[in-house]
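Chemist: Take this sequence and fold it.
(chains A and B)
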There are 2 protein chains.
Amino acid sequence: MITPVILSGGSGTRLWPLSRPERPKQLLPLSGVETMLQLTARRTADRSRFTAPLVVAGAAHEAEIIAQLGVAGAGDATLILEPVGRNTAPAIALAALAAAPDALLLVMPSDHLITDTAAFQAAIDAGAPLAEEGWLLTFGMTPTAPETGFGYIERGTALAPGVERAVRFVEKPNRTTAENYLQTGQFLWNGGIFLFRASAILDALGTHAPDILDAARKAVAGAARSGRSLLPRASAFEASPSVAIDVAVMERSDRVAIVPCAIGWSDVGSWDTLYDVSPKDDAGNSFGGDVQAIDATGLLVRAEGLHVSCIDVHDLTIVATRDAVLVMPRGSSQRVREAVDALASPRTRNRT
Amino acid sequence: MITPVILSGGSGTRLWPLSRPERPKQLLPLSGVETMLQLTARRTADRSRFTAPLVVAGAAHEAEIIAQLGVAGAGDATLILEPVGRNTAPAIALAALAAAPDALLLVMPSDHLITDTAAFQAAIDAGAPLAEEGWLLTFGMTPTAPETGFGYIERGTALAPGVERAVRFVEKPNRTTAENYLQTGQFLWNGGIFLFRASAILDALGTHAPDILDAARKAVAGAARSGRSLLPRASAFEASPSVAIDVAVMERSDRVAIVPCAIGWSDVGSWDTLYDVSPKDDAGNSFGGDVQAIDATGLLVRAEGLHVSCIDVHDLTIVATRDAVLVMPRGSSQRVREAVDALASPRTRNRT
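Modeler: You can find the predicted model right below:
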């Protein structure tokens, strides 16, 4: 049995104006009817193979998450509610402490897309034996483009069928380096998905990030329970450093292995990425919501709670909610942050 | 003294999604802070020269019109509330019957823009003596482009300083004809503004459109009063033919004169026209509402009740309300009707 650990602490602004702090990306139905969180929970819904999941999330999202998981067949989940966000290492520490020491934890971000679920299950099967032995397993996505927005992992010697030693973790590379990585075939995208024993990651945290483990221990020791939710003690958890698990442990441990896989993974990290992974009509349009198009091609349109009409426009991203509309060319989605940042400043803004 | 007659019965869809049946163009602040109706009322606000206006409007808009006129210094207006719309000839017949027989009526659409008010007052002065004598005066706008969307009036011999006989009224011409009209200088745009004695227009209606006059007489004879509003009898008014005053009278009468004028007139009949007459920033953008622009040029953006962010887009019309958004290239505003019409049909519409 494997225990899914779903990390739902993110609150990105890259999908503004649809994603907001109060309703982050993982709680939105970006690719279809179900939200990214629901799709993530469904991947481990087979209770003959997976236990009820542990979901680490911001306390403000508790009610929404419980409602969404109930619909997605994961009403048995335990929520671990972070009083503040402290990145993935402290979140994973909380989950590992809440689980049985010998539990095999499958850690998954809640806001990524995986289209080939069978290949993902096969990758889990390939990695499980080494995880049982105490290795820290990561899943390395076969790159399909020289992406500069992802971290990479360098592949090493084979450890078992379908599993290799991880030589090193590399932060987001520049374009030339990314092209080299793609060419050599020796580098895989770091998808932020992990498989390890609870005791193994706790040992590694104790060695490489003792202050994170210490804060998490105190937070769990002083935790309150409310229904199926665990509320770590805020004062203890707030004292934790805010560090990603890759930096805190994976880059430092010598017992890290990688399962290379091609599972149709996407982080859906921008409007352009969403367009790439979305089904399109014959005119190359991807529509969500109440959208009317006349002589329009190559559009990504998301309309939430209102109607959008497009006449004779092409290759645009149009995202409309009841309080904000974004219009930009497709291919510009890295600039959304400029808009969000500038909204705090009057410089670029007209108000009449 | 001149009695202003403001026609506020229009309910166009050409400025959708901002204009709606419940809030037509004349009730919107399209060009600035005040609505088109308020700007129209202000043109005749000098009570040493103009009496309180008669405003012919749809009954559904009574409260909004009273509120807007109060702010615009025309709280003394009498409203004539049409139970149904029957075009301009019946509307003018109602106003002429409600006025004193020898009153000089200045009929004005409520949804046009006039930027040179002094020139407009001078044109009224030029036309008034002949109107007093029983002529039906029109105001002909000096054309500035070969517009195919307007009616034209052919100029005739001089009748008095600044006033000429109107030879004929021409419906919307094709492009070649419009170019000829512009070149000869003998044709002026029909702006739908008129000056005549109440008795003169009633006589002309009796001669050329007796069924319209008859229906209007019965509607006024059976009218109810409520505050400053007159409510013509619905059953009688509904029986009236629906005809424009140009067709019912002006094209048929031989006592029609024209005052050629250049008064900065615009019918603001489309989003493109609004862009043309609006002040623009250095990047050629015209913004209304809460609009953010980053590297954007040549935009017409109207945001009502929500925020709009535009990044790196150019020469677009973007109109956003809390329930509908329109995006199209500038220069395409004649296609708005396609969108409005098609909204009734599922053919071009996605709903997910």
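Chemist: Which pLDDT value goes with the residue of the stretch 151-300 of chain A found nearest chain B?
Modeler: Of all residues in the stretch 151-300 of chain A, A:Phe287 sits closest to chain B, at 4.0 Å by Cβ to the nearest Cβ. C-beta: built from backbone N, CA, C; applies to glycine. Here the pLDDT value assigned to A:Phe287 is 95.
Chemist: So it sits against A:Lys280, correct?
Modeler: No. A:Phe287 lies out of contact with A:Lys280 (Cβ atoms under 8 Å); the separation is 9.2 Å.
Chemist: Between the two, which is the more surrounded one?
Modeler: Neighbour tally, A:Phe287 and A:Lys280, criterion other Cβ atoms under 10 Å in any protein chain shown: the higher count belongs to A:Phe287, 25 against 15.
Chemist: Could you pull up the residues touching the nearest residue to that one once chain neighbours are set aside?
Modeler: Of all residues beyond its chain neighbours, the one nearest A:Phe287 is B:Asn350 (4.0 Å), with distances taken as Cβ to Cβ, 6 or more residues apart in numbering or on different chains. Going by Cβ atoms under 8 Å, 6 or more residues apart in numbering or on different chains, B:Asn350 touches A:287-293.
Chemist: In TSV, list those along with secondary structure.
Modeler: Formatted as TSV, these follow (DSSP: H, G, I helix; E, B strand; the rest coil):
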residue	secondary structure
A:Phe287	strand
A:Gly288	strand
A:Gly289	strand
A:Asp290	strand
A:Val291	strand
A:Gln292	strand
A:Ala293	strand
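Chemist: Kindly indicate the member of the residues you listed with the most neighbours.
Modeler: A:Gln292 (27 neighbours).
Chemist: so what pLDDT did that one get?
Modeler: Reading off the confidence values, A:Gln292 has pLDDT 95.
Chemist: interface residues of the stretch 201-350 of chain A facing chain B?
Modeler: On the criterion Cβ under 8 Å from any Cβ of the partner chain, chain B has as its neighbours in the stretch 201-350 of chain A the residues A:287-294, A:303, A:306-313, A:316, A:318, A:320-329, A:332, A:335-336, A:338-339, A:342-343, A:348-350.
Chemist: Could you list everything the residue nearest to the spatial centre of chain A pairs with in the sheet?
Modeler: In chain A, the C-alpha nearest the mean C-alpha coordinate belongs to A:Pro109, at 3.1 Å (Cα atoms, centre = their mean). Taking DSSP bridges, one obtains A:Leu7 as the residues bridged to A:Pro109.
Chemist: pLDDT score assigned to it?
Modeler: For A:Pro109, the pLDDT comes out at 97.
Chemist: likewise A:Thr348?
Modeler: Note for A:Thr348: predicted pLDDT of 63.
Chemist: same deal with A:Ile318?
Modeler: The pLDDT attached to A:Ile318 in the predicted structure is 98.
Chemist: roughly how far apart are it and A:Trp271?
Modeler: Distance, A:Ile318 to A:Trp271, by Cβ to Cβ, to the nearest Å: 10 Å.
Chemist: Need the residues touching each of these two.
Modeler: Both A:Ile318 and A:Trp271 are in contact with A:Leu300, where contact means Cβ under 8 Å, 6+ apart.
Chemist: Could I get the full set of helices for chain A?
Modeler: Taking DSSP state H as the criterion, chain A contains helices spanning A:36-42, A:62-71, A:88-98, A:117-132, A:175-184, A:198-208, A:210-221, A:234-238, A:245, A:271-277, A:336-342.
Chemist: Identify each buried residue in the last one, please.
Modeler: Okay, so that is helix A:336-342. Neighbour counts over helix A:336-342 (16 or more other Cβ atoms under 10 Å in any protein chain shown) mark A:336, A:338-340, A:342 as buried.
Chemist: Please apply the same query to the fourth one.
Modeler: Judged by neighbour count (16+ other Cβ under 10 Å), helix A:117-132 contains these buried residues: A:120, A:123-124, A:126-128, A:130-131.
Chemist: Kindly report the same for the second one.
Modeler: When neighbours are counted by 16+ other Cβ under 10 Å, the buried residues of helix A:62-71 are found to be A:62, A:64-66, A:68-69.
Chemist: A:Ala96: what's its closest spatial neighbour, skipping adjacent residues?
Modeler: Here the nearest residue to A:Ala96 in space, its sequence neighbours aside, is A:Ala198; by Cβ to Cβ, 6+ apart that works out to 4.3 Å.
Chemist: Look up how far A:Asp46 lies from A:Ile65.
Modeler: Distance check for A:Ile65 against A:Asp46: by Cβ to Cβ, it reads 21 Å.
Chemist: got the contact list for the residue in the stretch 101-250 of chain A that chain B sits nearest to?
Modeler: Among residues of the stretch 101-250 of chain A, the one nearest chain B by Cβ to the nearest Cβ turns out to be A:Leu113. It sits 17.2 Å away. For A:Leu113, the contact set (Cβ under 8 Å, 6+ apart) comprises A:31, A:36, A:39, A:264-268, A:277.
Chemist: Report the residue ranges of every domain in chain A.
Modeler: Domain segmentation of chain A under automatic domain parsing yields A:2-266, A:271-342.
Chemist: Next, format those as a markdown table and append distance to B:Gly156.
Modeler: Output for these, formatted as a markdown table (distance: least, Cβ to Cβ, whole Å):
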| stretch | distance to B:Gly156 |
| --- | --- |
| domain A:2-266 | 59 |
| domain A:271-342 | 42 |
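Chemist: interface residues of the stretch 1-150 of chain A facing chain B?
Modeler: A:Pro17.
Chemist: low-confidence ranges in the stretch 1-150 of chain A?
Modeler: Along the stretch 1-150 of chain A, the model assigns pLDDT under 70 to residues A:12.
Chemist: Contact partners for the closest residue to chain B within it?
Modeler: Distances from the stretch 1-150 of chain A to chain B, computed as Cβ to the nearest Cβ, single out A:Pro17 as the nearest residue at 7.6 Å. With contacts defined as Cβ under 8 Å, 6+ apart, the neighbours of A:Pro17 are A:319-321, A:323-326, B:307, B:309.
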